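Q: I'll drop the sequence and a predicted model, then ask my questions.
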Number of protein chains: 4
Amino acid sequence: MVKKFVVGVIGAGRIGKLHIENLLRKVPDISLKIISDVNVDDKLKQWADERGILKLTTDSNEIFSDPEIDVVLIASSTDTHANYIQEAAKSKKHIFCEKPIDVDIDRIKKTLEIVKNEGVKLMVGFNRRFDRNFMRVHEAISSGQVGTPQIIKITSRDPAPPPIEYIKVSGGIFLDMTIHDWDMARYQAGSEVEEVYASGAVLVDPEIGKAGDIDTAVAVLKFRNGAIGIIDNTRQAVYGYDQRVEVFGSRGCVLADNEATNTVRIYTADCTNIDKIPYFFLERYVESYATELKYFFECLKNNQIPYPNGDDGLQNVLVAMAAQKSYEENRPVKISEVDK
Amino acid sequence: MVKKFVVGVIGAGRIGKLHIENLLRKVPDISLKIISDVNVDDKLKQWADERGILKLTTDSNEIFSDPEIDVVLIASSTDTHANYIQEAAKSKKHIFCEKPIDVDIDRIKKTLEIVKNEGVKLMVGFNRRFDRNFMRVHEAISSGQVGTPQIIKITSRDPAPPPIEYIKVSGGIFLDMTIHDWDMARYQAGSEVEEVYASGAVLVDPEIGKAGDIDTAVAVLKFRNGAIGIIDNTRQAVYGYDQRVEVFGSRGCVLADNEATNTVRIYTADCTNIDKIPYFFLERYVESYATELKYFFECLKNNQIPYPNGDDGLQNVLVAMAAQKSYEENRPVKISEVDK
Amino acid sequence: MVKKFVVGVIGAGRIGKLHIENLLRKVPDISLKIISDVNVDDKLKQWADERGILKLTTDSNEIFSDPEIDVVLIASSTDTHANYIQEAAKSKKHIFCEKPIDVDIDRIKKTLEIVKNEGVKLMVGFNRRFDRNFMRVHEAISSGQVGTPQIIKITSRDPAPPPIEYIKVSGGIFLDMTIHDWDMARYQAGSEVEEVYASGAVLVDPEIGKAGDIDTAVAVLKFRNGAIGIIDNTRQAVYGYDQRVEVFGSRGCVLADNEATNTVRIYTADCTNIDKIPYFFLERYVESYATELKYFFECLKNNQIPYPNGDDGLQNVLVAMAAQKSYEENRPVKISEVDK
Amino acid sequence: MVKKFVVGVIGAGRIGKLHIENLLRKVPDISLKIISDVNVDDKLKQWADERGILKLTTDSNEIFSDPEIDVVLIASSTDTHANYIQEAAKSKKHIFCEKPIDVDIDRIKKTLEIVKNEGVKLMVGFNRRFDRNFMRVHEAISSGQVGTPQIIKITSRDPAPPPIEYIKVSGGIFLDMTIHDWDMARYQAGSEVEEVYASGAVLVDPEIGKAGDIDTAVAVLKFRNGAIGIIDNTRQAVYGYDQRVEVFGSRGCVLADNEATNTVRIYTADCTNIDKIPYFFLERYVESYATELKYFFECLKNNQIPYPNGDDGLQNVLVAMAAQKSYEENRPVKISEVDK
């Protein structure tokens, strides 16, 4: 008989609900026992009820103290991640945590130490690694088809900026938005970042500048294995969510283009029309969220270490810190400068 | 409060299970009460149990006689369709039936008369109409973007032939395989077929020829509105399930290409590689099955007539009959010759 | 020292001038000695003068009787082709003749007999065989990459109909326009046509119907080797000159898409835009005209038989005749019915 | 009567011959009078003879002193450019000069001053501006279709490195190879570069490193108008000459992809194959060389200033100098630091 993992979820906001749906519909051999959220209102109750979820609570300790629960999925606000990871680890539960672990490097390190000491598994939710296209890029690299990676090139552009209020507490574009690209670049390069040069500007909305952030950014990465990374970001691509990855290697080049809304071309007297690309991350990465959860539980079942793990979470924040420093001081910054 | 349709399903084979999964996961505001199948074994019991389905039966009358049930979904073998549609209609239940209604034209007509007299709704499962690409083609036509349709061109090629035993009872390629294309051509042309010329050959497997069928076919259709249709079929495209639709009109042309497995291109010293197209209909049309069921229940909710309806089912069989006659006699055949 | 072929050209209209330009600029090791045209006016004199062409004449016999001339290029009006070919052959000169040889089958046969008896080489200008894309299709077939050809599919659509006056004397769409497609289908199938079914309609301009012709046509071909061909034509594709070829084989499928005006995509808030395809044959096939002439002289130099030859010219007219008969009688017609 | 410009060409090497062919075959209303080269051997004599070129000389003064000559085309070795430009200007002849003007900034400035004082026109041969795709990108920007340019992204990769002996005297990758990209970036941004950060590595061939150069490079540009540029180069892309340009703007994004060798796709049981992209600049940019010369003479005829002009030539070298300094000192460098 197959072992069924019993899961508790902390955080039932937009991303939490997405994970819960995937747990219920897409991940085999698990059961969802408790959902904890700081705000259990009637709307959430009804939502949970429609899905047959038995227990809702505002007290996450009900999850940690439940001996039946094997796995904690953390999708609460960023500032609570480190604490919940520590609690879960001490309760000997495996952890799936949304990115980032934290924005304070020392706190991340302490958290990872606890996870390590308690011997539980921790996976961090960099879901883009599970996009079918970027996985295929990775496969082209690991199979040797394109040789040694030399240039990793990422285009990552949002369709519209978040509200200014969000920008103010986001930690800046490099920590809030580019963090996915740091992870993607490291994943495809197969190496850690040694130095980063970041540049940027306020070209989309002056309010973003007033909030102390930028809305357009580029970064050059130097990896330990000699590869070079290039990333460009903008908070506003009016034509949709532009997400492309390219890896140039000694034996070839592999490119993942945007997903298409459909395969239709319309030829008219003026031009050929193709519909816009999918709007934003919920449309584009919907499958990758399910794929990452399935992979996580597959790893637990087979007692394998799931990736991206806690160290990936740490490295991505280190690169973001170095990028921020680089942008502020307009010079290349080594990771060792921010990782004391 | 939203009215919930109560559904009974007849037939839990491959396609029946697919519909059941969609009813459970994708279609809102319905409840699935009974599943009937001629063969309720332990495997099916477990499958139903895992999905929380309460009632399994071998007696379809339990569905027809249940006053709570509003809708019957028929996914049993083709020869039972007409009978179950009649029973369901007489029980005043709406009907979703897999294609085809039957292979006997008189029987189809009689069945449709009963449906009409009982005043229930009937939709026939030509799922390809709900493929996102072919819907987009239709939209380009109905919005006038490409003008009046003049040439409808369908490429429809299976990756591998079915077993010879299946071929023998299939009714022939025009009724078994091309039937989807007759429907697609009529859907895109926005008109009924007046005449068909069909040609074909045994090029894939001589055994198919010995079984009295062909494995490669082309057809030219003349529509009442003057448009011309061209279809080509083969039972074996070694590169995958090739499904394309093109409509040429007075103001432009709209083409739906195959779906891609991913968006990745790999450039090497020899050539550029793109992965194969999706293998077969379960991969390619997975979404369209869910979309068609959602549409069907949406129509019921809003008291609208769902399409493709019973007449579509009839017309497609008429075209198939005419095509078979055309192939056998090597001459164009009018629909009126087979619709006495 | 390299042998230089001395060439005389008959006919300096649009297509004749195109060949002359190619002879002067693109074909090595030849010299152009005389141009003959029924109408040598000041404009033509100036045009020839700017290109350093020494001799212009209205008398084609000056070409036939000039012992220095090795090769005659015939680009005069269709009704003069057969006669000029015969004259050239009798003068022991090799011949490149624009398509078609003639529209009378007996006259073509007699002409080819004279060519054969005189032992000169004759190539007919079906330039599309020299398009880089269609050559690549052919290569994919002849290298065995896609296996045995089973379905040959040609889309061939003009951007706009010719003047009605031209239509009236054109010999009909199957002889005037589809003739290129008969040739392409035979070239790619690697086999001769056995039977043709042609259908068509007047959908573009009623005046074309009044002139006794159709403007939209489809044809189904059966080849001796079992392959099936499908062709669709229209006199008016508002989006440009739509020229595609597809060959489906037992081991794969090869498709040649339209040439692009450029490789640019423009993503905007509404859709993705691509510029229109090249307008008409002068834009699309400009290179193929030069390639075919280079190939012809290469064959002469190496004493090889150039293709498409006289028999190709004959076969294409036979298929056109059969197609016309098929359209008129609405039934498949065997080539043997028109080749008595 | 149309004024015919009389042209003298200095330098008949590979690129000089290409220009001469274009002058003879593609540029209307000019006549080529003298070709000067340091090495007039029999081979060159025969080459010129076949093209009807009357005068060959080793003394460029024959060009400067010939009062009939209106235009000098300079395609000699880089170190002679500045001197010949000065001579031509003093002889009151218009000048088309291959890039770069020189590698010494003071010398460039002095040369441009002479050109200015003499009142002649000077165009520098950055031919990529005349590629049909990159012109289309520019048009999308200047028409406002994609709004204000914010990110300019250039991929520019050679298929194979030049000989080490060439590398040693090339002036380094930023001056030898990236110079085309500096020009393209400035052209598309519509603004001058203010600061550059360049990074690079030796990843292709250690011998290139020993020769004091790098073979892989990336650069980040800041333009005066706020736009950001990103360029990546490599000396060896095994799949061919990879030349792409992308401009992201406030209202959209325009991308120019590589040219295709043909439009053919081959679907097989394993994957879809597309032929390699064109090999190198002679294949890819063949048309652009003709287009730039036609444009140059069109400007002369209409008394318009041709671009890219001398200042473009200067700016591109300034950016290259700043990039080299940036790479050596691993910090962003302002153009003002190298333009004293």
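A: Received it, and whenever you're ready, just let me know what you need. Residues are numbered from 1 along each chain as shown, chains lettered A, B, ... in the order given.
Q: For the helix or strand bottoming out on mean pLDDT in chain A, which residues meet the burial criterion?
A: Lowest by mean pLDDT, DSSP states H and E among the helices and strands of chain A is helix A:281-284, with a mean of 81. For helix A:281-284, the neighbour count (16 or more other CB atoms under 10 Å in any protein chain shown) marks A:Phe281, A:Arg284 as buried. C-beta coordinates here come from the backbone N, C-alpha and C atoms, glycine included.
Q: Stretch A:84-96 too?
A: For stretch A:84-96, by 16+ other CB under 10 Å, it's A:Tyr84, A:Ile85, A:Gln86, A:Glu87, A:Ala88, A:Ala89, A:Ser91, A:Lys93, A:His94, A:Ile95, A:Phe96.
Q: Wasn't A:Ser326 part of a helix?
A: Yes - counting by DSSP: H, G, I helix; E, B strand; the rest coil, one finds A:Ser326 located in a helix.
Q: Now do it against A:Tyr197, distance only.
A: Separation of A:Ser326 from A:Tyr197 (CB to CB, to the nearest Å): 5 Å.
Q: For the stretch 201-340 of chain A, which residues are neighbours of chain C?
A: Within the stretch 201-340 of chain A, the positions adjacent to chain C are A:237-240, A:242, A:267-277 by CB under 8 Å from any CB of the partner chain.
Q: Now do the contacts for whichever residue of the stretch 1-150 of chain A sits closest to chain C.
A: Proximity of the stretch 1-150 of chain A to chain C (CB to the nearest CB) peaks at A:Asn133, 17.7 Å away. For A:Asn133, the residues meeting the contact criterion (CB atoms under 8 Å, 6 or more residues apart in numbering or on different chains) are A:Val245, A:Ala256, A:Asp257, A:Glu259, B:Asn262, B:Thr263, B:Val264.
Q: so the third one sits right up against A:Arg244, yeah?
A: Yes - between A:Asp257 and A:Arg244 there is a contact at 5.9 Å, judged by CB atoms under 8 Å.
Q: where does chain A have low pLDDT?
A: Applying pLDDT under 70 to chain A flags the ranges A:1-2.
Q: Let me see the ranges of the helices in it.
A: Secondary structure of chain A by DSSP state H: the helices cover A:14-25, A:42-50, A:61-64, A:78-90, A:105-118, A:132-142, A:164-169, A:173-176, A:179-189, A:206-210, A:281-284, A:286-301, A:310-329, A:335-338.
Q: how far away is A:Asp79 from A:Gly171?
A: 11 Å.
Q: And these two? Which one has more around it.
A: A:Gly171 (19 against 11; other CB atoms under 10 Å in any protein chain shown).
Q: from what I can see that one touches A:Asp104, true?
A: No - with contact defined as CB under 8 Å, A:Gly171 does not count as touching A:Asp104 (10.4 Å).
Q: so what's A:Tyr239 closest to, chain neighbours aside?
A: C:Tyr267 (3.8 Å; CB to CB, 6 or more residues apart in numbering or on different chains).
Q: Contacts only, for that neighbour.
A: A:Ala237, A:Tyr239, A:Gly240, A:Asp242, A:Lys276, A:Ile277, D:Gly252, D:Cys253, D:Val254, D:Leu255.
Q: The fifth one contacts C:Asp270, doesn't it?
A: Read it as A:Lys276. Yes - A:Lys276 lies in contact with C:Asp270 (CB under 8 Å); the separation is 7.1 Å.
Q: Tell me which of the two has more neighbours.
A: For A:Lys276 and C:Asp270, the more surrounded residue by other CB under 10 Å is A:Lys276, and the numbers stand at 19 against 12.
Q: Quick check: the residue of the stretch 151-300 of chain A nearest chain D.
A: Distances between the stretch 151-300 of chain A and chain D by CB to the nearest CB are smallest at A:Leu203, namely 4.8 Å.
Q: residues touching the residue most central in space within chain A, list them.
A: Nearest to the geometric centre of chain A sits A:Phe126, at 2.7 Å (CA atoms, centre = their mean). Shown in contact with A:Phe126 (CB under 8 Å, 6+ apart): A:Lys99, A:His180, A:Asp183, A:Met184, A:Tyr187, A:Pro308, A:Asp312, A:Asn316.
Q: rerun at 7 Å
A: A:Lys99, A:His180, A:Asp183, A:Pro308, A:Asp312 (CB atoms under 7 Å, 6 or more residues apart in numbering or on different chains).
Q: mind listing what the third one touches?
A: By CB under 7 Å, 6+ apart, the residues touching A:Asp183 are A:Phe126, A:Pro308, A:Asp312, A:Asn316.
Q: Quick check: of those residues, which lies closest to C:Lys55?
A: Nearest to C:Lys55 among the contacts of A:Asp183 is A:Phe126, at 77.1 Å by CB to CB.
Q: on that earlier part again, ok, of the contacts of A:Asp183, which one's closest to chain C?
A: For the contacts of A:Asp183, the nearest to chain C is A:Phe126 (26.2 Å; CB to the nearest CB).
Q: quick one: that closest one from A:Gly16, how far?
A: According to CB to CB, A:Phe126 and A:Gly16 sit 17 Å apart.
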